[in-house]
Structures are given as structure tokens and as C-alpha cells.
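Student: give me a model of this one.
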Amino acid sequence: MNEDGKKGNLDSDKISSISDIIDFDLDDESLDDELISKDSITKPLTSTDDTFNKEKLGSTLKREESANPKSVSKSHSPIDQSSSVKNTSKSSTQGSILDAVKEEQKKNQSPDENTHKEPTYSNKKSLIRAHISFGTRLFFMMLGIIIFIVVAGLSIYEAFRYDHSETVIYNESANINYQVCLGKNDFYDVSCLEEGMEYISMITNRIPIEFQYTSSYSKEMEYNYEYYVSGKLKIYDRDDPSKILYKRTDVLVDNKPLKGKGSAIDLSTKVDLDYKKYNDYVNTYKSKYLLSSDGVIEVSLYLKGENETKSVATISIPLSQQTYGITKDTVNSDDQMMLVRVGKWNETNYVCMGIGILSLLICILIFVQMFGLINKGSGRKSKYLQTLNKILREYDRVIVVAKTPVEADDSKTVIRVDSFEELLDARDSLEKPIIYSKINDVKSEFTVEDNDRIFKYVMKEADYIN
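Tutor: Below is the predicted model:
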């Protein structure tokens, strides 16, 4: 009975001790949970934290074993079996808790900590620069210089031509005044007779003539004319005046300028015609050749412009006749129209001059650009070739030279990178070789290809010119 009581007391003590251990462990477990949950909030779970939690849990169990050696010394008793079951349950519970905490921490970890960091690539299309080879650029620059020189020359020429014309309405009229002066005679008390009479050729000595010309314009303009007076002598058959036997022209007044600016022109000039000289000349001609003929002298005022010369007034004086009368023929016109050149700059002149100057400036600019291009492209290797050769030399171990460019099908995404360094990052990440292909003398491609992507870097001479 005493032994049973002792055994009962001992069993009670063991049960109490085991309960204490379980209670203590559960308290310790809740403490660990609290610590782990706090750590999981502040930082992600690492392998060091996991080891620390396991060591802490193991040390707690060891402390309990050292404090209650009897509670775990006999595994064959029912109470020991119960304790073992409880300890196993407790361990599995702690393991489940740790696994749940780890899972939660994994969920809370940032994507950057869970995934392998890969280099970033720009899939944005950079500014595509139109590429033109050195020879083509040089050709178009020379062509541009020629074109702009021609445009400049024509424009400046047009600006200084003064060939713009305007329509002007004008009126013009002419008049002739004359007198017939006589030699010595027994019948006339005056030395000169008035116009409009019949005159005796044998006593006529000279004929003073005055020409007058007037023209008016609808607008003020610059004019530039010349005028002169000539005498045309003709000897013709008396029965048929259309048959000309002799003719000649004498200049009685030499060319004189008529320039000015205004809306009207007034001209007046005088001629003293030696009638006796011309009359004797015709009489001698007739008597020498015994011809039945007569003569006439026509004195005319001529006005000479840029495009035409016209007679504005003419007086006809018969010769080799006993008596003669004088006839006049003058211009008299109203509201006539003509095109005249205006000797001043208008909008057209200034526009032509502006185009000419602008074309010259563009021509000079193109010439400077062409000179710079030639200076860069001649006498030394271009920066493009220097950079390309450097890449091929330094990264020969990872570059594969291809005869033809890599062609991408629709199943693969083409990612254009901005530099060769970024392409190296892609190559290191994918562990694929870089494929180099020469497109032409001024363009090359470097590509890295995997199952569903193609990373491409395009190298052009145009990127190294400017």
C-alpha cells in the first residue's frame, strides 16, 4: 500500500513534471512565435534566422531534460510513452508552426529578393537616325551647292534687271512751224514769208523749221529717249512718183538725249534748211540726164526709244518746180496704252534679292558642312571603325562572326538595346554567344538570342559622325 502510494505519488510527480515541461515548452514556443513574427515583419527570414530558431528550441528542450532527468529516463512506462507521444506531438506542432512562419515570410519577401536579378534592357525604340553613307552625303552636298548657286545667281540677276513693266496710258501730239525766207528780189518787201502760201522756187533761199513734240502719261515715270532730225532727198519720175530715180538721207540734227522723270515730255528743236542747195542739186541732175523728173525733200523729227524709233513730225518741201507748196504730217493720238519699264525696286525685286542672299548663305553652310565631312572621313580611320575593331578585338572570346544577319521570326521578341555594354549584360545573363554580322561598310549588328527573345544592338557610322 505504501509502495502503491509511493508509486502513485511518484507517478503524480512525473505527470506533474511532464505537464510542467509541456506548459513551459508551450510558453517558450509562444515566445518563439512572437519573436519570429516580429522578425518577419521587420526583415525577411534568412537561413541564419532559421538556424537560430532551431537552436533555441533545442536548447529549451535540453534545459528541461537537465532540470527533470527522471521525467525522460524511463521510456518503457505508460507515462513515459504518453510523454513521448506528447513530445512528438509538440515537436510536430513546433515544426508546423515554423513551416507556416517560413511560408508567410516567403510570401512577404519582395520580388527582388525572391528572383534572380537580371540586367535591365531598354525595349523603347531609341531615336532612329536616318543613315546616309559618306559617298552619298558628299554627292548630295555637292548637288545642293550647285542648285543653290544657280538659284542665287538667277534671283540676284532678276533683282537687278529692272524689267518689270507697267501699263501706262499716254497722249502725244506734234506741231511744225516754218517760214520761207527769200533771196534778193524786186517784188517782196519782207525777207521771210509766212507758212501756208505758194512759194517761188527761184527766189527761195532757206526755210527755218521748228519742231515741237508733247506727250503726257497717266502716271509719273522715268523716260529715256533720243531724238534727231534728218532730211530725205528723193528724185522721182514726174509721171509716176512711185518710181524713185535717186534718194539720200542727210542728218540735219544729230542724236540728242531726252531723259527725265515725270508725267509729261516737252520737246522743241529747230532746223534751218538750205533750200537753194537742194533745189540746185535736183535741177543739175535733171539737166545733165535730160530727165522728166521732180524732187522733194522730207524733213522729219525722229524719237528713238529702247525698242523702236518713230517719226513724230514730217514736213515735205517740193524741189525743181516753178512754184511749190509745203505739207506737214504730225502725230496726234489720245488715250494710247503702252508697257513701260519702271526704274525702281518693287516687292518682286526685294523678294528676288532675298532669295538670292538666302541661297548664298545656304550654299556657304553646305560647303562648310561638306568640308568638315571630308576632313573627318579622309586621312584617318573613322571613329566608327575604331570602335568596331576595338569591340571585336577585346570581346573576341564571346563574339561569333556570322555571314548573314540574324533574322527574327514572329515567335520571338526583338529587344533593341542602347549600347554594347547592355548587350554584354544580356549575354552574361543568358550565357549565350554574341553574334556579329556586317550589314554594309557603315552598319553592323550584334545579337544575343535565346528561345523566345533576341537582344539586338545596331551600330552605325552615322552615330559617330557628329
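
Student: can you pull out the low-pLDDT segments for the chain?
Tutor: Along the chain, segments meeting pLDDT under 70 span 1-134, 162-164, 340-344, 376-381, 465-466.

Student: pop the domain breakdown of it in here.
Tutor: Domain assignment of the chain by automatic domain parsing yields the ranges 2-114, 165-341, 383-465.

Student: isn't residue 171 right up against residue 337?
Tutor: No - the pair residue 171 and residue 337 fails to qualify as a contact (C-beta atoms under 8 Å) at a distance of 11.1 Å. For the C-beta atoms, the positions are set from N, CA and C on the backbone; glycine is no exception.

Student: mind checking which of these two has more residues around it?
Tutor: Neighbour totals were compared for residue 171 and residue 337, and residue 171 leads with 15 against 9 (other C-beta atoms under 10 Å).

Student: would you agree the more buried one falls within a strand?
Tutor: Yes - the assignment for residue 171, made by DSSP: H, G, I helix; E, B strand; the rest coil, places it in a strand.

Student: ok, now which ones touch it?
Tutor: Contact analysis of residue 171 by C-beta atoms under 8 Å, 6 or more residues apart in numbering lists 215, 216, 333, 334, 335, 336.

Student: likewise residue 199?
Tutor: By C-beta under 8 Å, 6+ apart, the contact set of residue 199 is 180, 193, 323, 324, 325, 326.

Student: give me the phi and psi angles of it.
Tutor: For residue 199, the backbone dihedrals (degrees, to the nearest 10) come out as phi -130, psi 150.

Student: state the distance from it to residue 348.
Tutor: In this structure, residue 199 and residue 348 are separated by 58 Å, where distance is defined by C-beta to C-beta, to the nearest Å.

Student: mind listing the helices for the stretch 201-350 of the chain?
Tutor: Secondary structure of the stretch 201-350 of the chain by DSSP state H, counting those that start in this stretch: the helices cover 275-289, 347-377.

Student: adding distance to residue 208 and mean neighbour count, write the ones you listed out as TSV.
Tutor: Formatted as TSV, the entries for the helices of the stretch 201-350 of the chain read as follows, by distance: least, C-beta to C-beta, whole Å; neighbours: other C-beta atoms under 10 Å:
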stretch	distance to residue 208	mean neighbour count
helix 275-289	10	16
helix 347-377	48	15
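
Student: columns distance to residue 224 on top of these, output as JSON lines?
Tutor: Supplementary listing: the helices of the stretch 201-350 of the chain in JSON lines, determined by distance: least, C-beta to C-beta, whole Å:
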{"stretch": "helix 275-289", "distance to residue 224": "34"}
{"stretch": "helix 347-377", "distance to residue 224": "19"}
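
Student: show me the one of the ones you listed that comes nearest residue 268.
Tutor: Evaluated with C-beta to C-beta, the helices of the stretch 201-350 of the chain place helix 275-289 nearest to residue 268, the distance being 21.8 Å.

Student: many thanks, I have nothing further to ask.
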